[in-house]
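Visitor: kindly generate the corresponding structure for this input.
(one chain, ligands or ions: 2)
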Amino acid sequence: MLSAAFLDHLRSIVGPQGYLDRPDDVAPYVVDHRKLYHGATPMVLRPDSTAQVSAILRACHEARVGVVPVGGNTGYCGGATPSADGSQIVLSLARMRRVRAVDPHNYTMIAEAGCVLADVQAAAAAVDRLFPLSLGSEGSCQLGGNLSTNAGGTAVLRYGMMRDLVLGLEVVLPDGRVLDALKSLRKDNTGYDLRDLFIGAEGTLGVITAAAIKLFSRPVNIVTAFVAVPDPQAAVALLSRLRSSTGDLISTFELVPRIGIDLVTQHIPQTSDPFDERYDWYVLVEVGAGKHVTSLRDAMENELASAIEASEAINAVFAESEAQREALWRLRETIPEAQRLDGASIKHDISITTTKLPRFIVEGSAAILEIAPRGRIVAYGHLGDGNLHFNVNQSHDQPADEFLALAPRIHRAVHDLVARYSGSFSAEHGIGQLKRDELVRYKDPVAVELMRSIKRTLDPHGIMNPGKVL
Ligand code: MLT
Ligand code: ZN
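Guide: Ligands and ions are numbered 1, 2, ... in the order given. Have a look, this model is predicted:
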C-alpha cells in the first residue's frame, strides 16, 4: 500500500540503524500489551534525533501517511498499535534516550522521550534527587509514553500525575515543525500553555521528543506499612488522619482487597500473607521524609494505634528492612499479574472523589453481580487518588467465553454509575482505541468538539496516530 520509493525515502532519513522491516523484528510492535489489538505495518522507524523525527513527519504529512508513535508498548488501551491494513508507519523513540541535562539546584532534568522510566529515576538518584513517577512497568515504559498518556501510578497522592511533573516539552508537530518549549522554568506566564495539549494526547497531536521534568528531594527516611482495615470507608478516614498528621507526607495509599492477597499468594512465587488472621481489606501506606525527620516511624506507630482505637484500622505490620518493604510492595504490585494468571478478567480504571468511593464500591459491586452473579470482584488501587481498578474475574466454574460475553453490559453498568458519581471512566490508562466510544458517550460534548477542532488545527491531514482517542 505504501510505495517502495516512499519507504526508501524514510530509510534514507534514519540510516541503516534506524528502521526495522523484517516481519520478525516488526512483530512485537503490531500487538498491544494486553493482546487485545493486532495490527500491521511495513516498517518501524527508530530515529535517533529530533531532526530525524521532524524529517519523518514532514514526509508523512506530505504523503498523507499515518504515524503511530510507540514507547515501551505497556499501555492498556491499544494506543500504540497500528491499524490492521498495514497503511501506517510505527515510530519508536527508543533510540532517543539521552539525559540532556540534570540541574540538582534547580531540581530539574531534561530527558529524551525514549528514556526508560527506571533510567530517569536512576539519573535523578545519582544527584541525590527523586523523580517520583512510579508504576509497575517502570522497567520498560518510556518517558514519552508516560507523557503522552499522562501516566499515574503509586505516588500520585503526593507528587501528582505525569502532567504535574513537567515544566517544558520539545514536540515535533505533524507537519515537521519543532515546537521548542523545553524550558526548565516554574514560572512562565506568556500566553496559552501549549505544553498541556500534548500531555495525555496519546500521540494524536504530534510527537514529544524531550521533556524538562521536575525533581524532588529524595526521601531517605521511609516508613512502609501494610494495614488491615475494616472496610473502604474506614480506609478513607485513615487516609485523612495520616495526611493531616504527617502534613501531607504520605506518598502511597493503595487499597488491597482480601481477594487480592489470595490471588497473589496463590499465583506469585515468594509472596505470603503478612498477617496470621484474614482480613477483608488492607492498605499499603508509605510515607517519606528527609534524614532529619527521625521520629517518622514513632509518629506513624502512634497514629496507627489511635486509628485502631477509632476503628479506622484493625492491625498493622511495618517493613523492618528493604527486603520486607519490597515484599509488602509485591503484594500490591503483582495483583494485575496474579489476576491474569487466574483467568479472564473484565477491567475498569475509574475515579470518583475519595469521599464517595466507598459508597461507589458497594453500589458498583452490586451492579456487577446482578449481571455476573458468579464473577469475583477485584477492586484495588490508588485510593489516595480516588482511582480504583474496579475489575471482575471469572469464577473457575464458568467458561471464560461465557464470562467475557458479559463485558459490554458490565462496562456499561459500571461506567453509567461512574457518570452518576461525576467520576471518570478512565482515570490513568487513557483512551487509545479501547475507550474511544466511551469518550464520546461520557465526556462533555463541548469538550469533545473542542478536542476535534484542536486536532483539525494541528493535524489537518489526520496523520498522527489515526483512530486513537477521537
Ligand atoms: C495498577 O495500578 O496496577 C495498574 O494501573 C492496573 C493494572 O495493571 O491492572
Ligand atoms: Zn493503576
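Visitor: residue numbers of the stretch 1-150 of the chain in contact with ligand 1?
Guide: Within the stretch 1-150 of the chain, the residues that sit near ligand 1 (C-beta under 6 Å from any ligand atom) are Gly136. C-beta coordinates here come from the backbone N, C-alpha and C atoms, glycine included.
Visitor: just the strands in the stretch 1-150 of the chain please.
Guide: In the stretch 1-150 of the chain, the segments counted as strands under DSSP state E, counting those that start in this stretch are 19-20, 44-45, 66-70, 88-92, 99-103, 108-112, 129-130.
Visitor: which one is Asp175 nearest to, not counting chain neighbours?
Guide: Once flanking residues are discounted, Asp175 sits nearest to His61: 4.7 Å by C-beta to C-beta, 6 or more residues apart in numbering.
Visitor: how close does the one you found get to Ile208?
Guide: His61 sits 17 Å away from Ile208, going by C-beta to C-beta, to the nearest Å.
Visitor: swap in Ala400?
Guide: The gap separating Ala400 from Ile208 is 38 Å, by C-beta to C-beta.
Visitor: higher neighbour count, those two?
Guide: Between Ala400 and Ile208, counted using other C-beta atoms under 10 Å, the more crowded position is Ile208 (29 against 12).
Visitor: got the strands of the stretch 1-150 of the chain as a markdown table, with mean pLDDT and mean neighbour count columns?
Guide: Below are the strands of the stretch 1-150 of the chain laid out as a markdown table (pLDDT from 0 to 100; neighbours: other C-beta atoms under 10 Å):
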| stretch | mean pLDDT | mean neighbour count |
| --- | --- | --- |
| strand 19-20 | 98 | 20 |
| strand 44-45 | 98 | 24 |
| strand 66-70 | 98 | 25 |
| strand 88-92 | 98 | 26 |
| strand 99-103 | 98 | 15 |
| strand 108-112 | 98 | 23 |
| strand 129-130 | 98 | 21 |
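Visitor: what count of nearby residues applies to the closest residue to ligand 1 within the stretch 201-350 of the chain?
Guide: For the stretch 201-350 of the chain, the nearest residue to ligand 1 under the criterion C-beta to the nearest ligand atom is Pro336, separated by 3.3 Å. Burial measure for Pro336: 21 neighbouring residues, criterion other C-beta under 10 Å.
Visitor: where exactly do the helices run in the stretch 251-400 of the chain?
Guide: 258-267, 296-309, 322-333, 335-342, 357-371, 400-404 (DSSP state H, counting those that start in this stretch).
Visitor: any chance of TSV for these, columns mean pLDDT?
Guide: Written out in TSV, the entries for the helices of the stretch 251-400 of the chain read as follows (pLDDT from 0 to 100):
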stretch	mean pLDDT
helix 258-267	98
helix 296-309	97
helix 322-333	98
helix 335-342	97
helix 357-371	98
helix 400-404	96
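Visitor: that older thread, Serialize the strands of the stretch 1-150 of the chain to TSV and add fields for distance to Phe318.
Guide: Formatted as TSV, the strands of the stretch 1-150 of the chain follow (distance: least, C-beta to C-beta, whole Å):
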stretch	distance to Phe318
strand 19-20	48
strand 44-45	47
strand 66-70	41
strand 88-92	43
strand 99-103	34
strand 108-112	32
strand 129-130	22
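Visitor: ok, back up a step: for the residue nearest to Asp175, what are its contacts?
Guide: Contact analysis of His61 by C-beta atoms under 8 Å, 6 or more residues apart in numbering lists Pro174, Asp175, Gly176, His461, Ile463.
Visitor: ok, now how distant is it from Asp385?
Guide: 38 Å.
Visitor: what about the residue nearest to Asp175, distance to ligand 1?
Guide: Distance, His61 to ligand 1, by C-beta to the nearest ligand atom, to the nearest Å: 34 Å.
Visitor: same question, Pro373
Guide: Separation of Pro373 from ligand 1 (C-beta to the nearest ligand atom) stands at 24 Å.
Visitor: and Gly72, by the same measure?
Guide: Distance, Gly72 to ligand 1, using C-beta to the nearest ligand atom: 14 Å.
Visitor: that residue is in contact with Gly144, isn't it?
Guide: No. The criterion here is C-beta atoms under 8 Å, and Gly72 misses it with Gly144 at 9.0 Å.
Visitor: and Leu36, how many neighbours does it have?
Guide: Leu36 has 14 neighbouring residues, counting by other C-beta under 10 Å.
Visitor: wait, it touches Leu434, no?
Guide: Yes. Counting by C-beta under 8 Å, Leu36 touches Leu434, with 6.8 Å between them.
Visitor: which non-adjacent residue is nearest Pro466?
Guide: Among residues not flanking Pro466 along the chain, Gly66 sits closest, at 4.3 Å (C-beta to C-beta, 6+ apart).
Visitor: so who does the one you found touch?
Guide: Cys60, Pro82, Ser83, Ser87, Gln88, Ile89, Gly462, Ile463, Met464, Asn465, Pro466.
Visitor: hmm, 6 Å instead?
Guide: Applying C-beta atoms under 6 Å, 6 or more residues apart in numbering to Gly66 gives the contacts Gln88, Ile463, Pro466.
Visitor: now do Lys455, the pLDDT please.
Guide: On the pLDDT scale, Lys455 is placed at 98.
Visitor: same deal with Lys291?
Guide: For Lys291, the model assigns a pLDDT of 86.
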